[in-house]
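Enquirer: Fold the following for me, if possible:
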Amino acid sequence: MEPPIPTITRRTKILATLGPSTDDPAVLRRMLAAGVDAVRLNYSHGRSEDHARRADTVRRTAHEMGLDIGILADLQGPKIRIESFARGPVDLVEGQPFALDTALGADAGDEHIVGCAYHELPRDVQRGDTLLLNDGAIALRVERSEGTRIDTTVLIGGTLSNRKGINKQGGGLSAAALTDKDREDLRHAISLGADFIAISFPRSAADMVEARRLMQEAGGSAALVSKIERAEALPHLDEIVAASDVVMVARGDLGVEIGDAELPGWQKRIIAVSREMNRMVITATQMMESMITNPQPTRAEVSDVANAVIDGTDAVMLSAETATGRWPVKVIEAMARVCVGAEGAMPPRERASERLDKHFERTDEAVAMATAWTARHMHARAIVALTDSGSTPLMMSRAETQIPIYALTPLERTRRRMALCRGVYPVPFLPSQLETLKPVQEAIDCLRYRGVLQAGDRVLVTKGDFTGPGGTNSMKIVTA
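Expert: Next up is the predicted model:
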């Protein structure tokens, strides 16, 4: 007997990072019950064995709970870091000289100099450039770069500890998006059956094309996520989005490179471009950072999450808040609560008519938009999409009608991918036959049985006369 589908109150999805704080299966179960739609495996930390164990626990727990939970494997990318200090953290004072040297020993740093793990850095900088360390907490002005050594003056001082990240203000570092570690981790993620694989620091569409080639050669079919976090990616935003399946607004490194003042505007633009191009979009980094240690979010964090929801993000992501924080369940509850509140504050006609002046090349996109428009004007109870690839419910979700979209498919892979799609709720469904109207009636019966529909509800159903991506070519208006 299939479990009933709970009453739908939240359209925005929640992506939670796994870590030591979530390793207790009871905690993970409570997180899924609180509203986690997908989980993130962060390949910047932990061993392959840790990721495999966590993925297995998620799959087993989700199956026991009757949930389709997506798994996102986040590749580390070319993290450019300083090396370590011989006697622990050092204090840098404004105006003092400080050097970085790629030839210095990994543990030989002191208050005057530290090693650098990225050997190309001296060639990527010149006099007058600003280097930002530890997410911008420390700033260094480059005075000279010669050989393996970069001499700088401290602009913003503070305590600097081992292995902190380095960004160049304004971007321009030449590091490739995919490292040897990433290639190995990509193959590992595919072996785990990851539904999404995130590529860190892509500079252009070519990086995403290369990642897709490597994935396909390894036998993978995951959705590729481009993490927009480099300044030099922004002029190529449209082409990167087009080469991706999902886009992430990775506000940590991006904010450091372009500056705080520019970040909110770019966040809105990245979300808008992703929606326009029928791509899912995730907003990430420091969304409820204070809840790493506190049981309640700040009002600023509440407003931040709410604004991303109002802008149309498909999903909001939690990082250390769940991976290492003290309150992994409470932060999910808080995030869900804020999402629901923000969605309720949105004018119902806010985006319902967007894209109606667009020319549709694809039949399934035309059907999707016609269905979303009709459903809103007929005050339909639900939209039901019989789908293989999930592309039709994704396109309908861009219209933001506030009418729930149920993606009915027998393909578990598609259901898990739809777990991150705003306003779309995946349901296992295998029709007895594909021809005539029988699949439509069986779909309605399925949702009535699971408590979603009641007799007399008006429903719009989309289906295709053949299977496969892009096969949707009809819309039917039915009464449950």
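Enquirer: and the spatially most central residue of the chain, what are its bridge partners?
Expert: For the chain, the residue nearest the mean C-alpha position is I282 (3.7 Å; C-alpha atoms, centre = their mean). With DSSP bridges applied, I282 shows beta-bridge pairing to M248, A315.
Enquirer: Relative to I271, how far out is it?
Expert: Going from I282 to I271 by C-beta to C-beta, to the nearest Å gives 10 Å. Quick note: C-beta positions are derived from backbone N, CA and C, even for glycine.
Enquirer: what is in contact with the two at once?
Expert: By C-beta atoms under 8 Å, 6 or more residues apart in numbering, I282 and I271 have these common neighbours: V249, T313.
Enquirer: how is the chain carved up into domains?
Expert: 13-78+176-344, 90-168, 363-479 (automatic domain parsing).
Enquirer: Quick one: end-to-end length of the longest one, please.
Expert: Between the opening and closing residues of domain 13-78+176-344 we find a distance of 15 Å, counting by C-alpha to C-alpha, to the nearest Å.
Enquirer: Need phi/psi at P78.
Expert: Dihedral angles of P78 (phi, psi; degrees, to the nearest 10) stand at phi -80, psi 70.
Enquirer: now do F85
Expert: Dihedral angles (degrees, to the nearest 10) for F85: phi -100, psi 140.
Enquirer: What is the burial count for it?
Expert: 20 (other C-beta atoms under 10 Å).
Enquirer: Contact partners for it?
Expert: Residues near F85 by C-beta under 8 Å, 6+ apart: D107, G109, D110, V114, L160, S161, N162.
Enquirer: now with 6 Å?
Expert: Contacts of F85 were listed using C-beta atoms under 6 Å, 6 or more residues apart in numbering, and they are G109.
Enquirer: Is it bridged to anything, and to what?
Expert: Going by DSSP bridges, F85 forms beta bridges with G109.
Enquirer: Start the count at 479 instead of 1 going forward.
Expert: Understood, numbering begins at 479; the last thing we discussed is F563.
Enquirer: Could you report the pLDDT at it?
Expert: pLDDT, F563: 97.
Enquirer: For R859, see how far away it is.
Expert: 62 Å.
Enquirer: Need the per-residue pLDDT for D835.
Expert: If you check D835, the pLDDT there is 65.
Enquirer: got it, and T485?
Expert: pLDDT recorded at T485 is 55.
Enquirer: again, but for E688
Expert: 97.
Enquirer: Quickly find the element holding the closest residue to it other than its chain neighbours.
Expert: Excluding its sequence neighbours, the residue lying closest to E688 (C-beta to C-beta, 6 or more residues apart in numbering) is L656, at 6.4 Å. In the assignment (DSSP states H and E), L656 maps to no helix and no strand.
Enquirer: Would you check that V816 makes contact with A778?
Expert: No. Counting by C-beta atoms under 6 Å, V816 sits too far from A778 to count as a contact (11.9 Å).
Enquirer: Which one's more surrounded, the two?
Expert: Taking neighbours as other C-beta under 10 Å, V816 and A778 compare with V816 leading, 24 against 10.
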